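A.B. asks: coords please:
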Amino acid sequence: MCGIAGYISLNGGATQEHVATVMRMRNVLYHRGPDSQGLLHDSHAVLGNTRLAIIDTSTNAALPMAAADNSVWLCYNGEISNFKQLREKHRLTERFAMRSTSDSEVLLYLYKLLGIGFLNELSGMFAFCIVDRAQNEVFIVRDFHGILPLFVWQQNDGFYFASEIKSFLEIPSFQPRVNRTAIHHFFSLAYIPGTTTPFEGLREMQGGELLHIDLNTATHNYRDYYQLDYTENHSITAKQAIATTRELLIDAVERNLVSDAPLGMTLSGGIDTCAMLGIVKHLGLGKQMNTFSLRMGEKSFDESPYQRLMAEYAGSIHHEILVNPEDVVQTMLTQVAYMDEPNGNGASIPSFILAKQASQHVKVLLSGEGGDELFNAYPTIAAYQYRKLYRKAPAFIRTLLREAVHRMPADYSKLSFDFKAKRFTSGAELSVADSHLHWRHVLSEAQKKELLTGIFDRTETATFYRNLFDAHPNWHDINRISLIDMRHFFIDDLMVKNDRTFLANSVEGRFPFLDRPLVDYVTKLPVKYRVKGMGKLRWVEKEAMKPFFPKAIYNREGFGLEMPHAIWFFDTLGTFAKKYINKEMVESTELLNWKQVEQMWNIHLSGKQDLGRPLWCVLNYLIWFDLYVKTGSYKDYWKPRPALHA
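C.D. replies: This is a model prediction of the structure:
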């Protein structure tokens, strides 16, 4: 895993000033690649790389990388999980004078052999820039599922690109103006969706998207080179689905275990991480595998019994990390300083703490992220099914039930009955796409209208969900919902959390459930194999993995890593939050309405309504605004780093 930053000049006018700028952009990505840093430049391109050496740790695999004839340059971040198979399939070592055994060099020479069409051959995660100096063209590419980040800022005379937003703050002409529309969407979703970012003019590339720049004509275009396809193959039998899913999962995990650096895995106690560890045991590697688990200091959020059960079953070298409110307070500013954007995911700080502890033992962590999205494990899928039955009841009965449910007292424990009942009865009255958002939303459009001041584009956040849902009218509704989860929740939330928190601690995350052969197979399975009957979620995954974990794991319900901030706001976290949730700080944003924030805070502390998640998002936004906009002090909270040069 690495950090990339660069500048592409459309007119061949790259100067020493551009070189110096890219060096600064690269250097702030030191945490993504502390093992080495490199630079390549000419009049058209300036490419900077930091490197976390995982595959071939020698200097032969240093980045950025040039072909032996200097005709192609590669600025690269990623791990190609099938690079060994591709090197053998295309006889690359026979065709080219390869210097390393790295996946990056395989990618470089695949391009020379096949052109940009080589993308169709890849599986894994990547974000890269290829400069074809012979053909005078450039390709800036983000992987199929948006696992690794990539941002672009367009100028009249060229393009800047980088792995993280913080790099663009090193460009003298970049003005960090808050994108109010992006923040508007953040307060619905707890993340910023799509190509939007917290700063105006800065674009995030999407999964499966590339930017092609023709230097001969000084023209460019963005285009999709990959799209998820949920067209069901009804010829697949249940027996075939189970057997092939098992085979592909084993293959995905095995290929993601390839590393020349120490490797471990997260263990949440859920089906996905237990499946991975079960496969590791099946491969005979259980006793040498380091596993890392988080235990929340709040009973209703604690999964440690399942974690210990699975670790003992596999015989792994297990590490249990306790997270308390004091840990959150001590970590929060540093975590936000590395995130670069507001993110209300309650697992971000725990993930940061886990990666920090794991970095003392390993450089690579396998994660189960993506399994819930791929196999439809979220309660919102079951809610969709129950919604269809619920709406058969007369409207007046549903109204009476909804009013009764909303009179229930608030319970601040995780996924309490009152929370689920209130969300379900309200959301069930909406369309499928809108209900899917409602069951997850932070604040409604009406609530945001009260919270956010000023004039800006207030397009309904549900538009993101509706557009994807409506784009495929012939797909099963659950497949249309799955596309929303993969394109938005996975990329815009989970991968922001995982990438920033892991790489802040110089740890590479790998995600076997997003291995391309597995994804391309599972997305074409009939829906009835992923969701069996009413509410029987991730059926084919559980059946495929049944031989690999204890019965108690197989029988358990989904849980999901989350932090009990709603409860902790009454204690240490609340004391800390008041440093930011106050009139002076809120009004300094020139966006948030202090009276509304104060009212939310008071209602939550009164016990009348659980507003923990909205307040957590408010707190995250205020800290981000303070560090990145108001004071610009985000660097003060980074870990110490050496002085870097070219």
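A.B. asks: residues touching the residue sitting nearest the centre point of the chain, list them.
C.D. replies: The residue at the geometric middle of the chain, judged as the C-alpha nearest the mean C-alpha position with Cα atoms, centre = their mean, is M495 (0.7 Å). Applying Cβ atoms under 8 Å, 6 or more residues apart in numbering, we find M495 in contact with 146-149, 369. For the C-beta atoms, the positions are set from N, CA and C on the backbone; glycine is no exception.
A.B. asks: now these as a markdown table including neighbour count, pLDDT and secondary structure?
C.D. replies: Written out in a markdown table, the entries for the contacts of M495 read as follows (neighbours: other Cβ atoms under 10 Å; pLDDT from 0 to 100; DSSP: H, G, I helix; E, B strand; the rest coil):
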| residue | neighbour count | pLDDT | secondary structure |
| --- | --- | --- | --- |
| G146 | 27 | 97 | coil |
| I147 | 26 | 98 | coil |
| L148 | 24 | 98 | coil |
| P149 | 24 | 98 | coil |
| E369 | 25 | 96 | coil |
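A.B. asks: reformat these as TSV; add distance to F549.
C.D. replies: Output for these, formatted as TSV (distance: Cβ to Cβ, whole Å):
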residue	distance to F549
G146	29
I147	25
L148	29
P149	32
E369	18
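A.B. asks: of the residues you listed, which pair is most distant in space?
C.D. replies: Spatial extent of the contacts of M495 (Cβ to Cβ) is set by the pair P149 and E369 at 14.3 Å.
A.B. asks: quick one: buried residues of the helix or strand of the chain with the lowest mean pLDDT?
C.D. replies: Ranking every helix and strand in the chain by mean pLDDT, DSSP states H and E puts helix 417-427 at the bottom, with a mean of 81. Judged by neighbour count (16 or more other Cβ atoms under 10 Å), helix 417-427 contains these buried residues: 418-419, 421-427.
A.B. asks: could you dump the residues you listed into TSV with distance to F96 added?
C.D. replies: Written out in TSV, the entries for those read as follows (distance: Cβ to Cβ, whole Å):
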residue	distance to F96
D418	63
F419	58
A421	62
K422	62
R423	56
F424	58
T425	63
S426	60
G427	56
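A.B. asks: burial of H220, as a residue count?
C.D. replies: H220: 19 surrounding residues under other Cβ atoms under 10 Å.
A.B. asks: in a strand, it, correct?
C.D. replies: Yes: assessed by DSSP: H, G, I helix; E, B strand; the rest coil, H220 belongs to a strand.
A.B. asks: how about it: what's its closest non-neighbour residue?
C.D. replies: I213 (4.5 Å; Cβ to Cβ, 6 or more residues apart in numbering).
A.B. asks: surely the one you found is within a helix?
C.D. replies: No: the assignment for I213 by three-state DSSP gives strand, which leaves it out of any helix.
A.B. asks: quick check: it touching I140?
C.D. replies: Yes: distance between I213 and I140: 7.4 Å, which falls inside the contact criterion (Cβ atoms under 8 Å).
A.B. asks: state the phi and psi torsions of V46.
C.D. replies: When read as degrees, to the nearest 10, the backbone of V46 gives phi -130, psi 120.
A.B. asks: if it is in a bridge, with which residues?
C.D. replies: In this entry, V46 is beta-bridged to Y7, H41, by DSSP bridges.
A.B. asks: residue contacts, it?
C.D. replies: Contacts for V46 (Cβ under 8 Å, 6+ apart) come out as 6-7, 14, 18-19, 21-22, 39-40.
A.B. asks: number of nearby residues for K528?
C.D. replies: Going by other Cβ under 10 Å, the residues that sit close to K528 add up to 17.
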